[in-house]
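1. kindly generate the corresponding structure for this input.
(chains A and B)
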Amino acid sequence: MPVSQLLQVRDLQVEFRTRDGIAKAVNGVTYGVDAGETLAVLGESGSGKSVTAQAIMGILDTPPGFVTGGEILFQGQDLLKMGREERRKVRGRKLAMIFQDALSSLNPVLSVGYQLGEMFVVHEGMSRKDAKAKAVELMDRVRIPAAKERVGDYPHQFSGGMRQRIMIAMALALDPELIIADEPTTALDVTVQAQVMDLLAELQRESGMGLILITHDLGVVADVADKIAVMYAGRIVETAPVNELYKAPAHPYTRGLLDSIPRLDQKGQELYAIKGLPPNLTRIPPGCPFNPRCPRAQSVCLTDLPPLYDVTDESGAPLPGRGSACHFWKEQLHG
Amino acid sequence: MAEEPILRVRGLVKHYPLTQGILFKKHVGAVKAVDGVSFALYEGETLGIVGESGCGKSTVAKLLVNLERPTAGEIFYKGEDVTRLSGRALKAVRRNIQMVFQDPYTSLNPRMTVGDIIGEPYEIHPEVAPKGNRRAKVQELLDVVGLNPEYINRYPHQFSGGQRQRIGIARGLALRPEIIVADEPVSALDVSVQAQVVNLLEKLQDEFRLSYVFIAHDLSVVRHISDRVAVMYLGRLAELGTDSEIYEHPTHPYTQALLSAVPVPDPEARGKRERIILAGDVPSPANPPSGCRFRTRCWKAQDRCAEEVPELTVPPHLAGADGAAHPSACFYASEDPAP
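-> Down below sits the predicted model:
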């Protein structure tokens, strides 16, 4: 995988020290994203996709969560080695995040204009009055109708889609270089979801920022991503450019996910279902963590943890950007 | 499917009063959650109801299982109007119409064992299972939904989301109902687990000849499981038809917009699909638009749409058209979304 310039996460490890034992949420995640690029991180609940994002932003709940290894290089600098104050300056100004649930991420007793303006007051030392004008500008930018009249309204006065736009506005406020969007449309209805994703894509085109889109929705990913990292039990099990992943997945888990979603444009018979459940993170099975659910599992899978192999085509020529953490990726990909 | 439907709903209305004041509650309006919905459910079929949040689909579910009393309208179960029943007669009908809830985390009592949860319906309807063999019945149910019968003494927190949903389904099946109303039964589950539960629901339908009302916002899941589909918008049905009529020949602008907004898991289709992005938000059900409810967001709207309410019937100009001749509540219904 070529080294990405904007953000490069290397062998990141995060664990949660809980009463029931140590939950290994992230076990050696490596991924990168460049300016103007959209990386989708795909995974089910508990796969570690959100925890990785929290570690990048530096908003992990510590304790119980601890980063125990790895590097997070942002424009060449390791965020994990920065001091608190230094990191706070990067966050918001260069790195911003959009959360899933806009209603609980906004303060209900402050007007949205105040909350948007706060970005400028805190980071740029602007006066309240100027900040308010900036807030109106931002609301316009995310296409909130009648921004001037609505700048004094409170979060509950907006619909779900509008609130998510305000979250996007807040993330955009200081023109960050990278935005991490954690399930930005999961709580929204499909027609509103389409509006919000379109807006996000358009803003990205305008500003050339990098985008990490965290989601479990294979449909949303297909619509917007350039490349994909699939996570399972705290590891990346497959990476690929978006078209290739859907056409020919090189990991049995990805294959299973693609087969188990009902399709709008076709009515099949019985759905393929991946058997069993994702593992308990305090007791990840030895070998490949997917082995108890895998239709291809052999004895080697029960003992040896597969690294992220470089994937090649049938002639052995490398396929750039493709990797699979399966001992049998060749069989999976080439049959 | 020409026989008498097992369930027929006619002109169903549910308004929730909006009041002002504490002591002398003054009615200042009503949230028109469901405002004139009619459909039929035939034995052994699955009727899907799709719509966005706030369209009233969950209220329809509650009305069907008698958790709420309708403001107006009728629900006929095998020819008998359920809304007029009370006491013993109502109890007998309720046995046959059971519900599966959305959230497997909050719909199971955390202090009860799985055995007690699934067996509780027998306390209310002891005629279904005499006291002595209830445990055996519950274990049989656990087996039917794919859980280990030895788990009978465990508590809900010891199960994953998908397993909990199986427990909820087992409870719904306990009284051997004929109809199951499932309100978003898989939307809280992960993709890989969702497929397991959808397959289970289909298997149970064949095994027990169940009729389903399957309510969901996920259009792909609804298509997969349903024989017929009703599209709901702001308290009314916009369109009703077989799955291929709705998904391949939609004629109502709302259905067309809804379908075009669904992301398709195929990156090759990116940019090639015609997408209709709706402007604005769903109006408040407390103050719905006059005439057609969808007109405020509709690109085809004319003066007539504000004045008259379009009925859910086969549009006369589409009668005889292949696929498109199904009930659609639009004056300008057409397979072509262009205005």
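
2. check whether stretch A:160-171 comes near chain B.
-> Yes. Judged by CB under 8 Å from any CB of the partner chain, stretch A:160-171 and chain B are in contact via A:160-162. (C-beta placed from N, C-alpha, C; glycine too.)

3. what is the mean pLDDT for that stretch?
-> Taken as a whole, stretch A:160-171 has a mean pLDDT of 87.

4. list the contacts of it.
-> A:96-99, A:102-103, A:105-106, A:112, A:115-116, A:119, A:138-139, A:141-144, A:155, A:158, A:179, A:181, A:184-185, A:187-189, A:192, A:195-196, A:199-200, A:203, B:53, B:281 (CB atoms under 8 Å, 6 or more residues apart in numbering or on different chains).

5. ok so, going back, in helices only, show me the residues of stretch A:160-171 next to chain B.
-> Using DSSP state H, the members of the residues of stretch A:160-171 next to chain B that fall within helices are A:160-162.

6. and these, which is closest to chain B?
-> Of all those, A:Gly161 has the smallest distance to chain B: 6.3 Å, by CB to the nearest CB.

7. count of neighbours near the closest one?
-> A count of nearby residues for A:Gly161, using other CB atoms under 10 Å in any protein chain shown, gives 23.

8. any idea how far it is from A:Pro184?
-> Taking CB to CB, to the nearest Å as the measure, A:Gly161 falls 11 Å from A:Pro184.

9. give the residues shared as contacts by the two.
-> What both A:Gly161 and A:Pro184 touch, as defined by CB under 8 Å, 6+ apart, is the set A:Val196.

10. using PDB, list the CA coordinates for the strand or helix carrying B:Tyr16.
-> In this structure, B:Tyr16 sits in strand B:7-20 according to DSSP states H and E. Extracted C-alpha coordinates of strand B:7-20, given in PDB (Å, rounded to 0.1, in the frame of the first residue of the first chain):
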ATOM      1  CA  LEU B   7     -57.500  -9.300   8.100                       C
ATOM      2  CA  ARG B   8     -59.200  -6.300   6.500                       C
ATOM      3  CA  VAL B   9     -58.600  -2.700   7.500                       C
ATOM      4  CA  ARG B  10     -61.000   0.000   6.400                       C
ATOM      5  CA  GLY B  11     -60.600   3.800   6.900                       C
ATOM      6  CA  LEU B  12     -58.300   3.400   9.900                       C
ATOM      7  CA  VAL B  13     -57.800   6.700  11.700                       C
ATOM      8  CA  LYS B  14     -55.700   7.500  14.800                       C
ATOM      9  CA  HIS B  15     -55.500  11.000  16.100                       C
ATOM     10  CA  TYR B  16     -53.600  11.900  19.300                       C
ATOM     11  CA  PRO B  17     -55.000  15.000  20.900                       C
ATOM     12  CA  LEU B  18     -52.700  17.900  21.500                       C
ATOM     13  CA  THR B  19     -53.700  19.700  24.800                       C
ATOM     14  CA  GLN B  20     -52.700  22.900  26.500                       C
END
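
11. can you tell me the strand partners of that strand and which way each runs?
-> Using DSSP bridges, the strands paired with strand B:7-20 are strand B:26-41 (antiparallel), strand B:72-77 (antiparallel).

12. next structured bit after the longest one?
-> So that's strand B:26-41. Past strand B:26-41, the next helix or strand by DSSP H and E is strand B:46-50.

13. who does that next one pair up with?
-> Per DSSP bridges, strand B:46-50 is paired in its sheet with strand B:211-216 (parallel), strand B:228-233 (parallel).

14. can you put those in TSV and add mean pLDDT and mean neighbour count?
-> What follows is these, written out as TSV (pLDDT from 0 to 100; neighbours: other CB atoms under 10 Å in any protein chain shown):
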stretch	mean pLDDT	mean neighbour count
strand B:211-216	94	25
strand B:228-233	96	25
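
15. and the helices in the chain?
-> The chain I'm using is chain A. Under DSSP H, chain A gives helices at A:49-57, A:84-90, A:102-105, A:112-124, A:128-141, A:147-150, A:160-172, A:190-207, A:218-224, A:242-247, A:252-260, A:299-303, A:329-334.

16. other chain: chain B
-> Under DSSP H, chain B gives helices at B:57-64, B:87-96, B:114-124, B:134-144, B:161-173, B:191-208, B:219-225, B:243-248, B:253-261, B:303-307.

17. roughly how far apart are whichever residue of the stretch 1-150 of chain A sits closest to chain B and A:Ser159?
-> At 4.0 Å from chain B, A:Glu44 is the closest residue in the stretch 1-150 of chain A, using CB to the nearest CB. As judged by CB to CB, A:Glu44 and A:Ser159 stand 29 Å apart.

18. so for these two, which residue has more residues nearby?
-> A:Glu44 (20 against 16).

19. nearest residue to that one other than its sequence neighbours?
-> B:Asp190 (4.0 Å; CB to CB, 6 or more residues apart in numbering or on different chains).

20. cool, thanks, talk later.
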